[in-house]
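>>> kindly return the folded structure for what I paste below:
(chains A and B)
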Protein chains: 2
Amino acid sequence: MPETAVADAATATARAASAPTTREDRAGWLEALAAALDDDRAELVRLGNEETHLSVARLDGEVTRTAAQLRFFAGVIREGAYLEAVVESPDPSLIPPRPDLRRILRPLGLVAVYAASNFPFAFSVLGNDTASALAAGCPVIVKAHPGHPLLSRRTAALAARILPSGWFALVEGMDAGTELVRHPLVRAAGFTGSTRGGRALFDLAVSRPDPIPFYGELGSINPVVVTRAAAMERADAIGTGLVASFTRDAGQYCTKPGLVFVPSGGGVEDAVRNALGEAPSSRQLTDGMTEAFADGVAAFSARPSVEVVRGNAADGASAPTVVLVDADTFLADPAPFLAECFGPVTVLVRYDDPQLPALVAALEPSLTAAMHRGMAEDVTALAAALTGVAGRLLFDGWPTGVAIGWAQHHGGGWPSTTASIHTSVGATALRRWLTPIAYQDAPQAVLPPELRDGNPLRIPRRDS
Amino acid sequence: MPETAVADAATATARAASAPTTREDRAGWLEALAAALDDDRAELVRLGNEETHLSVARLDGEVTRTAAQLRFFAGVIREGAYLEAVVESPDPSLIPPRPDLRRILRPLGLVAVYAASNFPFAFSVLGNDTASALAAGCPVIVKAHPGHPLLSRRTAALAARILPSGWFALVEGMDAGTELVRHPLVRAAGFTGSTRGGRALFDLAVSRPDPIPFYGELGSINPVVVTRAAAMERADAIGTGLVASFTRDAGQYCTKPGLVFVPSGGGVEDAVRNALGEAPSSRQLTDGMTEAFADGVAAFSARPSVEVVRGNAADGASAPTVVLVDADTFLADPAPFLAECFGPVTVLVRYDDPQLPALVAALEPSLTAAMHRGMAEDVTALAAALTGVAGRLLFDGWPTGVAIGWAQHHGGGWPSTTASIHTSVGATALRRWLTPIAYQDAPQAVLPPELRDGNPLRIPRRDS
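All right, here's what the predicted structure looks like:
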């Protein structure tokens, strides 16, 4: 077999992974990476701006987010609850009898990370997947996104400066991407991107001789329901908020609200039309995305009983666009309106009140679902109906903006992810890269310190 | 589409799953199922004995285990820690700002369970997968194992008497099995059985238009290392213990020790040969398994440099068998010795001390790995090497017998499972059937009680 970049990197990382690290070691690495991002912020933001067309302000905020995420995971592993340590004393009276059993999570091994286009920092080379994998104790090989190659290499150089040899590598190109997910040493993969690209890599991961977990965060339509009571109270604010959310950074968010159910005649549609005239436009990440967006909007325009309203577009930018349909049109064939169109477009579906349950029932799983409700309205039934379709269910707000914390869940059923019970953001993102081990009647010396008698490292632990 | 048993059952269970249940409701069901197993024990054991050839004593103990497991899961859900509830208060100073976020696990939906042959109670109709899925709040359709159809139907009738309509169904036959894993309403599947059968169903699960998690517990070789110091201290006890473990119930355990590294000339081999003459024999579960076992032993006999020693066999029973090879023979082509041979056989590999690291390095992942060590021996390096290949690592004992508890892990890397980070036994088996949801800025009334302000149900919860 010829030596490839993937094979080289995998060999090097496998060697690194065999040397144990402590949580404190890795927390230190994560903090050093965060500090280096802060130090090199000006140059990194400039490179990102040149390659992605995202604004300097947005990218500057994204560097802050990315550094905060690295520091957050440092805190999570220092605390130690993520290890889910359990120590159970023997009980010979049980059937079957219970020996001395101690459970903990250990790192899975080498992780492959597929970087996203739309977050060149936060979901890219040193983003959520890399940060959580390193925190978990897994070395990482990142497949760079072709949308920002110079920034990817620059960020990788920063990582190489700080991380011990063998803990990190960057590879580029589609062939390297498919080789990586099939490499025998790779134990799990994280991906952020399109449903089509993610499914292709997922199919490779699960058809290996030894299938591996593939955590793909894919396309998401992020439905929003505006109730009639909400529209009566604040149609203007809702319309303005929606336009700001779906046009933010050219609508290039996996959490963009892409489908909005609005009460017919409730004023939200007018508010959206008004706000659209004022909405800024910006260039998309790549020319390919700009073309795909134009094709997507043209496909909406070509459908019967569909109105397409475009805002203004600066030179080279994609125009903010609203697609309007009646509930009957949507319900007759929901599929075209449920597919993500990446860019500044959203679909408004006008409903008469009795139609709302059928609209909600037609939804597919998404990363988020949102509702805007009346101040005193009982929305328990609607919330229950939306629970099944969303990883995050939010109220009176917009889904763009994904906070980092212990309670966050950034996931959802297919087609929004390939691995519905896992998250790619928040403390529990770590668990994707960990696997349990139970020690039975083990001598103290071979146990990880976190499982020893007396809990010498004082981590949160279940002792019984 | 013609109505099939699977389609009927799926429709009924989907209706059931849409009605919310409380943890207390479900704990009550589990306890009632356990009580019914106890009540009907005599008839159930008799049926099981007729269909499986497992002894009455063994089956009686297995009913006790199965009832204990149902009660254990009732306790786990009553406590509530399994929900992993987190309540985080807003913090607008963060980048990105944090809203009110509350995370909990919710049931995934309809679960398909594929029953095993070798545990007609504990890993079958009301076994670990069904008990944990019901506990999690998921209705279940069980595909019966053809090895014990009457017992399966009898147990299903017991379940139908106790569970509310739509929460449980039994289907039979290979066609029903493949239809089940592909049914659009099925959200996850649990399987216990052979690597070949499990992989075939796994392939169907992941090639669906909407892939679903498939938790297969497959074949496992469960390697054992006997150190020279251990052999010097207690070769006889180790040899006797090994024979008792691998011949127990005709060796039909996923945790049977199938590969044992023994120091050459250390006395363990002689002890095993002696104990083999005294070992009982019993009929295997099915005629097909008896034939497959004979074929497997014949294949060992046909290999060069392999000695096959058979114990005595009662009429129709499979003879307890030991396969002996030198480390050189094993290392030249480990594959035939790493494949599970279901039945009362184990492979003894004689090693000279410098060969042990290479032997351990040749192992594939297994549900368990065990070592027998000297009383004062430092085994940290050997334990570290075995950590990567075992879901449960045990010391100075035998892997058969899987305790039920909070610290148990019954899993492992491929080929011992299809889903390496999950367990099929123990408290965390519940997690396979749960998916997180995060509520953002939700009104109290729509939140599950477990996430409300003040923690009214007093479950273990992370509040920050």
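>>> CA only for contacts and neighbour counts going forward, please
Fine.
>>> where in chain A is pLDDT low?
The model of chain A has pLDDT under 70 over residues A:1-2.
>>> can you list the domains in it?
Domain assignment for chain A, taken from automatic domain parsing, gives A:5-218+A:417-463, A:223-395.
>>> make TSV out of those domains and add distance to residue B:291 and mean neighbour count.
Output for the domains of chain A, formatted as TSV (distance: least, Cα to Cα, whole Å; neighbours: other Cα atoms under 10 Å in any protein chain shown):
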stretch	distance to residue B:291	mean neighbour count
domain A:5-218+A:417-463	27	21
domain A:223-395	47	20
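>>> could these be laid out in JSON lines, adding distance to chain B?
Output for the domains of chain A, formatted as JSON lines (distance: least, Cα to the nearest Cα, whole Å):
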{"stretch": "domain A:5-218+A:417-463", "distance to chain B": "4"}
{"stretch": "domain A:223-395", "distance to chain B": "4"}
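>>> I'd like these as a markdown table, with distance to residue B:167 appended.
Formatted as a markdown table, the domains of chain A follow (distance: least, Cα to Cα, whole Å):
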| stretch | distance to residue B:167 |
| --- | --- |
| domain A:5-218+A:417-463 | 22 |
| domain A:223-395 | 18 |
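>>> who wins for proximity to residue B:227 among these?
domain A:5-218+A:417-463 (15.2 Å; Cα to Cα).
>>> following element in sequence after the longest helix belonging to chain A, please.
If you go by DSSP state H, chain A has its longest helix at helix A:56-79. Following helix A:56-79 in sequence order, the next helix or strand is strand A:86-88 (DSSP states H and E).
>>> any idea how far that following strand is from the chain center?
Averaged C-alpha coordinates place strand A:86-88 at 33 Å from its chain's average position (Cα atoms, centre = their mean, to the nearest Å).
>>> stretch A:62-73 now?
So, by Cα atoms, centre = their mean, the centroid of stretch A:62-73 is 14 Å from its chain's centroid.
>>> for the stretch 101-250 of chain A, what spans make up the helices?
Counting by DSSP state H, counting those that start in this stretch, the stretch 101-250 of chain A has these helices, from start to end: A:128-136, A:149-162, A:174-182, A:195-206, A:228-247.
>>> using PDB, write out every CA atom in the third one.
Going back to what we said before, that points to helix A:174-182. The C-alpha trace of helix A:174-182 is given here as PDB (Å, rounded to 0.1, in the frame of the first residue of the first chain):
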ATOM      1  CA  MET A 174     -12.000  14.200  -1.000                       C
ATOM      2  CA  ASP A 175      -9.900  11.100  -1.500                       C
ATOM      3  CA  ALA A 176      -8.300  11.600   1.900                       C
ATOM      4  CA  GLY A 177     -11.800  12.100   3.400                       C
ATOM      5  CA  THR A 178     -13.100   8.700   2.100                       C
ATOM      6  CA  GLU A 179      -9.800   7.000   3.000                       C
ATOM      7  CA  LEU A 180     -10.000   8.400   6.500                       C
ATOM      8  CA  VAL A 181     -13.400   7.000   7.500                       C
ATOM      9  CA  ARG A 182     -12.300   3.600   6.200                       C
END
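>>> can you tell me the SS state at residue A:347?
Three-state call for residue A:347 (DSSP: H, G, I helix; E, B strand; the rest coil): strand.
>>> who touches residue A:19 in this structure?
Applying Cα atoms under 8 Å, 6 or more residues apart in numbering or on different chains to residue A:19 gives no contacts.
>>> I'd guess it is in a strand, am I close?
No. Assigned with three-state DSSP, residue A:19 falls outside any strand and is coil.
>>> and the gap between it and residue A:448?
Going from residue A:19 to residue A:448 by Cα to Cα, to the nearest Å gives 14 Å.
>>> equivalent analysis for residue A:120, please.
37 Å.
>>> kindly report the same for residue A:119.
Distance from residue A:119 to residue A:448, by Cα to Cα: 37 Å.
>>> kindly report the same for residue A:161.
Residue A:161 is 29 Å from residue A:448, by Cα to Cα.
>>> and residue A:401, by the same measure?
38 Å.
>>> same question for residue A:62.
Residue A:62 is 36 Å from residue A:448, by Cα to Cα.
>>> for residue A:371, same thing?
46 Å.
>>> ok, now residue A:352?
Counting by Cα to Cα, the separation of residue A:352 from residue A:448 is 61 Å.
>>> need the helices for the stretch 351-464 of chain A, in chain order.
A:356-361, A:380-387.
>>> rebuild those helices as CSV, extending it with distance to residue B:130.
Shown next, in CSV, are these (distance: least, Cα to Cα, whole Å):
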stretch, distance to residue B:130
helix A:356-361, 28
helix A:380-387, 24
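>>> of those helices, which approaches residue B:44 most closely?
helix A:380-387 (40.5 Å).
>>> distance between the ends of stretch A:17-25?
14 Å.
>>> surely residue A:155 touches residue A:124?
No. Counting by Cα atoms under 8 Å, residue A:155 does not reach residue A:124; the two are 9.4 Å apart.
>>> what's in contact with the longest helix of chain A?
A:23-24, A:26-28, A:30-31, A:33-35, A:37-38, A:41, A:45-46, A:48-49, A:82, A:119, A:121-122, A:126-128, A:131-132, A:135-136, A:404-405, A:427, A:459-460, B:95-96.
>>> spit out the contact partners of residue A:96.
With Cα under 8 Å, 6+ apart, residue A:96 has these contacts: B:65, B:401, B:402, B:403, B:404.
>>> would you mind measuring from the first one to residue B:119?
Between residue B:65 and residue B:119 the distance is 11 Å, computed by Cα to Cα.
>>> and for residue A:155?
Distance from residue A:155 to residue B:119, by Cα to Cα: 53 Å.
>>> for residue A:351, give me its contacts.
Residue A:351 neighbours (Cα under 8 Å, 6+ apart): A:261, A:262, A:263, A:264, A:326, A:327.
>>> which one of those residues is nearest to residue B:183?
When the contacts of residue A:351 are compared against residue B:183 (criterion: Cα to Cα), the nearest one is residue A:327, at 28.7 Å.
>>> tell me the contacts of the closest one?
Contacts of residue A:327 (Cα under 8 Å, 6+ apart): A:349, A:350, A:351, A:352, A:355, A:359.
>>> now with 10 Å, please.
A:261-264, A:334, A:348-352, A:355-356, A:358-359 (Cα atoms under 10 Å, 6 or more residues apart in numbering or on different chains).
>>> with residue A:273 instead?
A:239, A:240, A:243, A:309, A:310, A:311, A:321, A:322.
>>> please apply the same query to residue A:48.
Applying Cα under 10 Å, 6+ apart, the residues near residue A:48 are A:42, A:54-56, A:59-60, A:119-121, A:147-152.
>>> could you rerun that using 7 Å?
Residue A:48 makes contact with A:120, A:148, A:151, according to Cα atoms under 7 Å, 6 or more residues apart in numbering or on different chains.
>>> same thing with residue A:390?
Here residue A:390 is in contact with A:365, A:366, A:367, A:368, A:369, A:412 (Cα under 7 Å, 6+ apart).
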